[in-house]
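Asks: Attaching a predicted model along with its sequence, questions to come.
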Amino acid sequence: MKPRKQWLTALVSVIDRTNGLIGRFLATLVLVMAGIMLYEAVARHFFQSPTAWASEISKMVFGFYMIWAGAHAMLYKEHISMDLFYDRWTPRAKAAMDSATFVCFILFIALLLQKVGGDAAFSVSIRETSNSTLSQPLYHWRASLVIGIVLLAFQGLAHFIRNFWFAVYGEELK
Amino acid sequence: MNSVSDTTGTAVLPAQAAKDTGPAENPSGNFSLKVLGLVFLGYLGVMGYFYFMGYFSPDHKFAITFFMFSSMLLLMATGLPIAFSLSTIAIVTALIWQPSLVNMLLFQFKAFTLESGKTLIAIPLFIFMGFILHNSQIAKNLFDAVYLWAGGLRGGLGMGTILICAVMAAMIGVSSAATLSMGIIAVPAMLARDYDKRLATGMVQAGGALGFLIPPSMMMIMYAFVAQESPGRLFAAGVVPGMMLAGMYILYIAVRAYLNPDLAPALPPEQRATTTEKIAAIRFLVLPGLLIISVLGCIFTGVTSPTEAAAVGAVGAMICAAARGKMTAKTFWDSAIRTLNLSGFNAFIIFGAITFSAVYSGLGASAMIRETITGLDVNPWIILILMQLSFFMLGMFLDDIAILFLCMPIYVPIIKALGFDPVWFAILYVVNMQMAYITPPYGLNLFYMKAVAPKEISLGDIYRSIVPFLGLQFVGLVVLVAFPQITLWLPGLLFDYLQMKLHPDLLFGRIDTILEYPSLVKVLIANPDLLFNSGNFMNIFAKAPVAEMLSASQEFTSYVFASPRFSDMLLTDTWLVQIPEIADFVSRSPAFLAQHPDIMEMLPK
């Protein structure tokens, strides 16, 4: 039992750390979005030279940011739930219930990965570009979103391992 | 939870912290598990009944509706995050009724990640702006100013707190920042001055909820996205109702404090500020004032789109913080990480809710609801009131964003079909959600208050403190329902009148508005060239009242008749003269007809 526990602890903490580190990088993207939009507003209003790229690039950064943020929000347990009943249970009952509802989470993530992953693979195979005048490549970006979902899945898995361990053995996985 | 905080070394959001410190070992825990178990058995019973009656077929829209909403609520009761509950039920429903609808996951994902960014990019920017301002402790300076100015009045600190909430609401697009800031600063300060603790906590929660009503507002950005409305117009619509509600709170505090000075005593004379101190305190208002003017000014004058104004606000907030020497690395990282987390939460709840409602529509259930409701022979106002009731009921259990993305795709078409204004409906929704924000069991401002309230304030105090403010919000909602012009007056003035004066070329898209604001015709009279440039001459003249007003102006008619473009147009598009209004207009000028005999011949006899 001991080695298994060490192994699981290591896995969980690697997932936590990875998502934590990625989060640091992602967090700065809010400045990128603000910068692009401000640049566009200034260029259009004061220099009468609206950019062709600002709208599309900012939308892509937005999509990337929002999807990748999911894993980090999960790390911080920031995906808010209704706590009418939940709040009243013992920590162990909470952990047991969370382990049980992990099935729902995995069903969602698995189907999402199947659909979005398949679409991204297709996008990569045809080297998809955007259908605007800019027509810059979109396929890297589509593939990157799949990685965001994978990160979310791993974070969900880390929480599941932690909850399951606590529900079964009554001790925190540290 | 602890291991998470340790690895990253950053504080968790207070809402979460509040939940963790909640009652862990509770005798009601077993009871609530039993209740949930019974509800689940009942649910299984109903589903079994549905199965044997053959309701799991695409024709039974009612069964679909019941299945989706009851399963969603049940799954959420287990503590699964709302976002994943919504998506899971959407998938399960699709798998049962029509497996091809699972592809909605992909469609909505693609639409959300790319297309929605045009509007929704304002979400992370507004959240970031809010946290930066919260972390730069701008609220503390505002409160100091209030303390100096209003401390001598009975209930003065309380009234000032509401004012600060309104000012912060005008700077920030989210409601959490004002509740958190004022919960940390104003509540302890008021308690130290012997304020009634329920009055003090209640006003901060209600005042904080103003954040979504007074522009800029994240919620309105989302509504604009769902309902395809103009965010600027929604922002303008929120101003007057927001000030009205703030005024009602202030009045309430003033009356309570006047009737019972013990509730909210004035500062003792020796603690009151001198006139010089008061005047010096005005400097605290400069930065917030500039920020409000720059963000709202950008939106209302049309210099930037509301989403770009969010970027202006985010950068402005950082400049404000830097000007106050608070733009440290800690401020930045704390704000940026919290923004990331809230954005991730928002992203998946929006995605879950739009998938849910897409599956619901895909199965034809929302069309059924729409047809049933619009086909009902009842007063439209009853439907409107029922919708508000449904918002309130859902608001007790569900997140406001989830409600928005679930209900609006169904409700907005109905509202339009019934002849109500969707902008006005948005404001009613936001006011309703303010009530939801302070109503247990699921009230975000309650969580925030719980997280930051001083020790002597119990959970019971917090719950009881909101009752009078809930009543005030309800009165406000009734007033807004009864008098739509309170809401619609300002957007009409700003967008139908001022912006068209500034950008006359917009006139042609909105001929109807000219009728509402006759003085706009003067814009047209002053720029007759617009008539020709727009290629919309006929449309304008087809509106008899507008044509009448235009042709009544000597200046306008003489310009038009003298312009060679007018005669050219009539000669090229000969059908124009056949239109009675134009024929009428032309025959008023014998001089013009004498000059152009061809046109005279074309005139209908």
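Replies: Nice, I can see it. On a predicted model such as this, the values are computed, not experimentally measured, just so you know. Numbering: from 1, shown residues only, chains lettered A, B, ... in the order given.

Asks: Look up how far B:Phe128 lies from the residue of the stretch 301-450 of chain B found nearest chain A.
Replies: For the stretch 301-450 of chain B and chain A, the shortest gap (C-beta to the nearest C-beta) falls at B:Gly344, measuring 3.1 Å. C-betas here are computed from N, CA, C, even on glycine. Here B:Gly344 is placed at a distance of 13 Å from B:Phe128 (C-beta to C-beta, to the nearest Å).

Asks: re the thing from before, how much space separates the residue of the stretch 301-450 of chain B closest to chain A from A:Met74?
Replies: For B:Gly344, the distance to A:Met74 - C-beta to C-beta - is 7 Å.

Asks: Of the two, which one has the most company?
Replies: Under the criterion of other C-beta atoms under 10 Å in any protein chain shown, the comparison of B:Gly344 against A:Met74 puts B:Gly344 first, with 30 against 27.

Asks: The more buried one and A:Lys77 touch, don't they?
Replies: No. The pair B:Gly344 / A:Lys77 is not scored as a contact, 11.3 Å apart, by C-beta atoms under 8 Å.

Asks: secondary structure element for the residue of the stretch 301-450 of chain B closest to chain A?
Replies: Using DSSP states H and E, B:Gly344 sits within helix B:329-362.

Asks: other SSEs contacting the helix or strand that that helix is followed by?
Replies: Using DSSP H and E, the next helix or strand after helix B:329-362 towards the C-terminus is helix B:365-375. If contacts are counted by 3 or more C-beta pairs under 8 Å, 6 or more residues apart in numbering or on different chains; DSSP states H and E, helix B:365-375 sits against helix B:61-77, helix B:329-362, helix B:400-417.

Asks: Enumerate residues external to helix B:365-375 that contact any of its residues.
Replies: If you take C-beta atoms under 8 Å, 6 or more residues apart in numbering or on different chains as the criterion, helix B:365-375 is touched by B:61, B:64-65, B:68, B:357, B:360-361, B:383, B:409-410, B:413-414, B:417-418.

Asks: Could you rerun that using 10 Å?
Replies: Contact with helix B:365-375 is made by B:58-65, B:67-68, B:93, B:97, B:357-361, B:380, B:383, B:386-387, B:409-411, B:413-414, B:417-418, as judged by C-beta atoms under 10 Å, 6 or more residues apart in numbering or on different chains.

Asks: What's the first helix or strand after the helix ranked longest in chain A?
Replies: As assigned by DSSP state H, the longest helix anywhere in chain A is helix A:91-125. Remark: after helix A:91-125, the chain's next helix or strand is helix A:139-169, criterion DSSP H and E.

Asks: which secondary structure elements does that following helix contact?
Replies: helix A:2-27, helix A:54-75, helix A:91-125, helix B:2-8, helix B:104-110, helix B:329-362 (3 or more C-beta pairs under 10 Å, 6 or more residues apart in numbering or on different chains; DSSP states H and E).

Asks: Hmm, B:Val303 is touching B:Gly297, no?
Replies: Yes. Under the criterion of C-beta atoms under 10 Å, B:Val303 makes contact with B:Gly297 at 7.3 Å.

Asks: ok so, going back, what is the rounded mean pLDDT of the helix holding B:Gly344?
Replies: In this model, helix B:329-362 carries a mean pLDDT of 89.

Asks: what is the orientation angle of it with helix B:400-417?
Replies: 50 degrees (axes from the mean of the first three to the mean of the last three C-alpha atoms, to 10 degrees).

Asks: quick one: buried residues of helix B:329-362?
Replies: Residues of helix B:329-362 classed as buried by neighbour count (16 or more other C-beta atoms under 10 Å in any protein chain shown): B:331-362.

Asks: How about stretch A:47-57?
Replies: Neighbour-count burial for stretch A:47-57 [16+ other C-beta under 10 Å]: A:Ala54, A:Ser55, A:Glu56, A:Ile57.

Asks: any idea how far that stretch is from the chain center?
Replies: Remark: stretch A:47-57 is offset 28 Å from the chain centroid, using C-alpha atoms, centre = their mean, to the nearest Å.

Asks: What distance separates the opening and closing residues of that stretch?
Replies: Stretch A:47-57 has its terminal residues 20 Å apart, counting by C-alpha to C-alpha, to the nearest Å.

Asks: Name the residues that touch it?
Replies: A:32-33, A:35-44, A:130, A:132-136, A:138, B:114, B:117-118, B:121, B:308.

Asks: Generate a ChimeraX selection restricted to the buried entries among the residues you listed.
Replies: Buried members of the contacts of stretch A:47-57, identified by 16+ other C-beta under 10 Å, are gathered into one ChimeraX selection as follows:
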select /A:33,35,36,37,38,40,41,44,138 /B:114,117,118,121,308
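
Asks: Low-confidence regions, the chain specifically.
Replies: All of this is about chain A. Applying pLDDT under 70 to chain A flags residues A:1-3, A:174.

Asks: um, chain B though
Replies: Using pLDDT under 70, the flagged stretches of chain B are B:1-29, B:505-516, B:518, B:530-544, B:605.

Asks: Centre-most residue in it?
Replies: B:Met220 (2.8 Å; C-alpha atoms, centre = their mean).

Asks: list the contacts for the closest residue to B:Ser587 other than its chain neighbours?
Replies: Residue nearest to B:Ser587 in three dimensions, not counting chain neighbours: B:Leu603, with 6.5 Å by C-beta to C-beta, 6 or more residues apart in numbering or on different chains. Contacts here follow C-beta under 10 Å, 6+ apart; on that basis B:Leu603 touches B:Leu570, B:Val577, B:Gln578, B:Ile582, B:Ala583, B:Asp584, B:Val586, B:Ser587, B:Leu593.

Asks: I'd like those residues as TSV, with neighbour count and secondary structure appended.
Replies: Shown next, in TSV, are these (neighbours: other C-beta atoms under 10 Å in any protein chain shown; DSSP: H, G, I helix; E, B strand; the rest coil):
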residue	neighbour count	secondary structure
B:Leu570	21	helix
B:Val577	20	helix
B:Gln578	12	helix
B:Ile582	19	helix
B:Ala583	15	helix
B:Asp584	15	helix
B:Val586	22	helix
B:Ser587	14	helix
B:Leu593	17	helix
